[in-house]
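**Student:** Show me the folded form of this:
(one chain, ligands or ions: 1)
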Amino acid sequence: MCGIVAYVGRKPAQNVLLEGLRRLEYRGYDSSGICTVDQNHFELRKKTGRINDLATLLRTQPARGMIGIGHTRWATHGAPTDANAHPHLDQSGKLVLVHNGVIENYQQLKERLAAKGHKFLSQTDTEVLAHLIGEHYQPGIPLADAVRHALKEVIGTYGIAVMHADQPGIIVGARRGSPLLIGVGRNENFLASDVSAIVAHTRRVVYLNDFEVVTLTADDFQVSTLEAASVSPQVKEVEFSAEDADKGKFPHYMLKEIFEQPHVVQNAFRGRISHEESTAKLGGLNLSPAELRAVDRIVFVSCGTALHAGMVGEYLMEELARIPTEWEYASEFRYRNAPVEKHTLVFAISQSGETIDTLAAIRESRRKGHKTLAIVNVVGSTIAREVDGGTYMHAGPEIGVAATKTFTSQLTIMVLLSVLMGRMRHLASTRGEEILEELEHIPAKMERILTQNDAIAKLAKKYSDASSFLFLARQHNYPVALEGALKLKEISYIHAEGYPAAEMKHGPIALIEPRTPSVFICPKNSVYEKTMANIEEVKARKGPVIAIATEGDTEIAGKADDVIYIPETLEILEPLLTVVPLQVLSYHIALQRGCDVDKPRNLAKSVTVE
Ligand code: AGP
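**Tutor:** Numbering: from 1, shown residues only. Sure, this is the predicted structure:
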């Protein structure tokens, strides 16, 4: 997903835009650009590569002016080139625009405009939108009117910031399907696709809704609908600071966020455990006890790491609440038209709250009349605002593209939710209390695992040349095996597959050879013996084995080539601990391979395009 930042105020816009783009770079980073306005003249600078490449350009060719727009791109239409980088100009060269999203009917619009003599310099859908708005622009009419008229012809998603040289001091923003917020400053205002871009300047924000348009000046902002009806927006206070979005003493955001997990898990359960009633207290679900009690099926819809959290949630919900539960790829669920019973609760899991496939699955479920809830990290995000209720993760901004702390945060909330739903049904208070008490010990147990960071770094050296990995586990840890494989894939570019350990015999065992390490999650639990047998099968075929095992297990060291020990915990809470060594191992293997762990190739932090 791309990043947008815009500024109008009394400071040099270039510095604000560049700093904001640096904070957005994790969202998409194959090219970037800014455009400022200096005495009615555009200062347009854009470049393929990272933000540093743009900064180098600006050192020799500064962009002057106290108003401007900026963009960091994750290519959808057209390769990463200088010409395809945003901002884009219209035919007149007096209108400039940056855009997140996909204009699905851009080809038809482009043909119509070309027939009128428009010439295009790029392959992007964004440039077509700039020309379309320019086509509607007339001197003397508000820029927002031209934007509204053009957007009524658009099919697709957009978050945009637009300026016109004839209307200095004004920036127009609009959104549909791609997040856009207003940063409310003193004698200055901002637009951004993500609050981390501007939180250093203001923590007062207004989240725009779909089909809203904003006209921004240094001293004011006016929000209206696409039909020009005025909107009275609510200014909110962001819950984190600029420091939260900094790396601090860590070399990478990903490592910082891995080490934040004990704190993040505490934040997830803080104030949400009732020992008196041996249950969880989740405000914000906005469903009465009777409505929650009436739920007779749950479907978790999500993508990527959040999908794996939903898979763990299936085990937890079915075991603790005895509610038939399924996880679904949001991208499949939205089109599959699955038969869904009346009292089914559709539950989104999304750290960004903007993943388009998850949002679409929620919208499809709401259209069919289902109650929808969500576990979300970003306050005010689109999913958070469109569901009936839910629970915020309070995990702080996750800058590393590879999700780590938000995964264990989601798991923690899954545990709380399952206990809550279970205690409304058959879960005994003693069992509920046992789980909640142990959950409160998880942060300290995570800390113990993290003290092995250096040892795991050494282990990473031993295996970083492998070209393929298998991750194997059973039951609650099977989704963690998938998550471990995803972590390794996305930051080290090594092919990796996660499998249920018993599934090995049905094909994957053909892959076993000395060059292919198998990572087994094999804590002392109800399936320990079975998993040990699978380790034997791999060893018999000379496959190297890395085991995640329980402290004090003296048997596993005789079977596995390498072991990473984790503290003992309840079987249903093991995923909170077993994932940590996998995150750390992937991080160090990626470092060994010289990969950019915070901004892996081809990826973006939040996928708001289909
Ligand atoms: C995980 O490391 C990836 N960054 C990606 O799979 C991510 O989990 C997925 O895109 C879902 O994002 P969300 O939680 O913001 O919806």
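
**Student:** what residue ranges in the stretch 1-150 of the chain score low on pLDDT?
**Tutor:** Applying pLDDT under 70 to the stretch 1-150 of the chain flags residues 1, 26-28, 76.

**Student:** ok, now the stretch 401-550 of the chain?
**Tutor:** Checking the stretch 401-550 of the chain against pLDDT under 70 turns up nothing.

**Student:** So which residues on it come close to the ligand?
**Tutor:** Neighbours of the ligand within the stretch 401-550 of the chain, by CB under 6 Å from any ligand atom: 401, 402, 403, 490. In short, each C-beta sits where N, CA and C put it, glycine included.

**Student:** residues near residue 488, how many?
**Tutor:** 29 (other CB atoms under 10 Å).

**Student:** Residue 145 now?
**Tutor:** Using other CB under 10 Å, residue 145 is surrounded by 16 other residues.

**Student:** helix/strand/coil for it?
**Tutor:** Under DSSP: H, G, I helix; E, B strand; the rest coil, the three-state class of residue 145 is helix.

**Student:** that older thread, I'd like the residues of the stretch 401-550 of the chain next to the ligand laid out as TSV, including distance to residue 209, neighbour count and secondary structure.
**Tutor:** Formatted as TSV, these follow (distance: CB to CB, whole Å; neighbours: other CB atoms under 10 Å; DSSP: H, G, I helix; E, B strand; the rest coil):
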residue	distance to residue 209	neighbour count	secondary structure
401	27	22	coil
402	30	27	coil
403	26	28	coil
490	32	22	helix
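
**Student:** from the residues you listed, which is closest to residue 476?
**Tutor:** residue 403 (18.7 Å; CB to CB).

**Student:** And residue 393, its phi and psi?
**Tutor:** Dihedral pair for residue 393: phi -80, psi -30, per degrees, to the nearest 10.

**Student:** Can you name the residues that contact it?
**Tutor:** Residue 393 sits next to 264, 267, 268, 351, 375, 376, 377, 406, 409, 410, 413 when contact means CB atoms under 8 Å, 6 or more residues apart in numbering.

**Student:** ditto for residue 567
**Tutor:** Contacts of residue 567 were listed using CB under 8 Å, 6+ apart, and they are 445, 448, 449, 550, 551, 577.

**Student:** what's the closest non-adjacent residue to it?
**Tutor:** residue 445 (4.1 Å; CB to CB, 6 or more residues apart in numbering).

**Student:** Over to residue 207?
**Tutor:** Spatial nearest neighbour of residue 207, excluding adjacent residues (CB to CB, 6+ apart): residue 380 at 4.0 Å.

**Student:** In three-state terms, label residue 42 for me.
**Tutor:** When classified by three-state DSSP, residue 42 comes out as strand.

**Student:** same check, this time on residue 328
**Tutor:** Assigned with three-state DSSP, residue 328 falls in the strand class.

**Student:** Any idea what it is bridged to?
**Tutor:** Here residue 328 sits in beta bridges with residue 301, going by DSSP bridges.

**Student:** how near is it to the ligand?
**Tutor:** 14 Å (CB to the nearest ligand atom, to the nearest Å).

**Student:** so who does that residue touch?
**Tutor:** If you count contacts by CB under 8 Å, 6+ apart, residue 328 has them with 299, 300, 301, 310, 336, 338, 361.

**Student:** Can you give me the neighbour number for the third one?
**Tutor:** Other residues near residue 301 come to 32 when the count uses other CB under 10 Å.

**Student:** Go ahead and confirm it touches residue 344.
**Tutor:** No - assessed by CB atoms under 8 Å, residue 301 is found out of contact with residue 344, at 11.3 Å.

**Student:** just the helices in the stretch 101-250 of the chain please.
**Tutor:** Using DSSP state H, counting those that start in this stretch, the helices of the stretch 101-250 of the chain run over residues 106-115, 125-136, 143-151.

**Student:** Quick check: which element contains residue 461?
**Tutor:** Per DSSP states H and E: residue 461 is located in helix 453-463.

**Student:** Alpha carbons of the next helix or strand after that helix, in CSV - could you do that?
**Tutor:** Using DSSP H and E, the next helix or strand after helix 453-463 towards the C-terminus is strand 468-473. What follows is strand 468-473 as a C-alpha-only set of coordinates in CSV (Å, rounded to 0.1, in the frame of the first residue of the first chain):
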residue,chain,number,x,y,z
SER,A,468,14.0,-24.4,1.7
PHE,A,469,12.5,-25.0,5.2
LEU,A,470,9.7,-27.0,6.6
PHE,A,471,7.8,-25.9,9.7
LEU,A,472,5.8,-28.7,11.4
ALA,A,473,3.5,-28.9,14.4
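
**Student:** Touching strand 468-473 from outside, list them.
**Tutor:** Applying CB under 8 Å, 6+ apart, the contact partners of strand 468-473 are 463, 480-482, 484-485, 488, 494-501, 504, 508, 511-512, 515-522, 531, 534, 578, 582.

**Student:** Report the buried members of those.
**Tutor:** Buried by 16 or more other CB atoms under 10 Å: 463, 480-482, 484-485, 488, 494, 496-501, 504, 508, 511-512, 516-522, 531, 534, 578, 582, out of the contacts of strand 468-473.

**Student:** closest point of the stretch 251-400 of the chain to the ligand, which residue?
**Tutor:** Closest contact between the stretch 251-400 of the chain and the ligand, by CB to the nearest ligand atom, is at residue 304 (1.9 Å).

**Student:** Flag every residue of the stretch 251-400 of the chain that's near the ligand.
**Tutor:** Neighbours of the ligand within the stretch 251-400 of the chain, by CB under 6 Å from any ligand atom: 303, 304, 305, 306, 350, 351, 352, 355, 358.

**Student:** Looking at the residues you listed, point me to the pair that's furthest apart.
**Tutor:** Using CB to CB, the pair of these lying farthest apart is 305 and 358, separated by 12.0 Å.

**Student:** Who has more neighbours out of these two?
**Tutor:** Using other CB under 10 Å as the criterion, residue 305 and residue 358 rank with residue 358 on top: 30 against 23.

**Student:** So the more buried one is in contact with residue 350, correct?
**Tutor:** Yes - applying CB under 8 Å, one finds residue 358 in contact with residue 350, separated by 4.8 Å.

**Student:** Mutual contacts of these two, please.
**Tutor:** Listed contacts common to residue 358 and residue 350 are 302, 303, 306, 383; contacts here mean CB under 8 Å, 6+ apart.

**Student:** Which residues are in contact with residue 591?
**Tutor:** Contact analysis of residue 591 by CB under 8 Å, 6+ apart lists 457, 460, 597.

**Student:** Please produce CSV containing those residues, extended by neighbour count.
**Tutor:** Formatted as CSV, those follow (neighbours: other CB atoms under 10 Å):
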residue, neighbour count
457, 16
460, 20
597, 23
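
**Student:** related to what we said a few turns ago, just the buried residues of the contacts of residue 567.
**Tutor:** Buried subset of the contacts of residue 567 (neighbour count, 16+ other CB under 10 Å): 445, 449, 550, 577.
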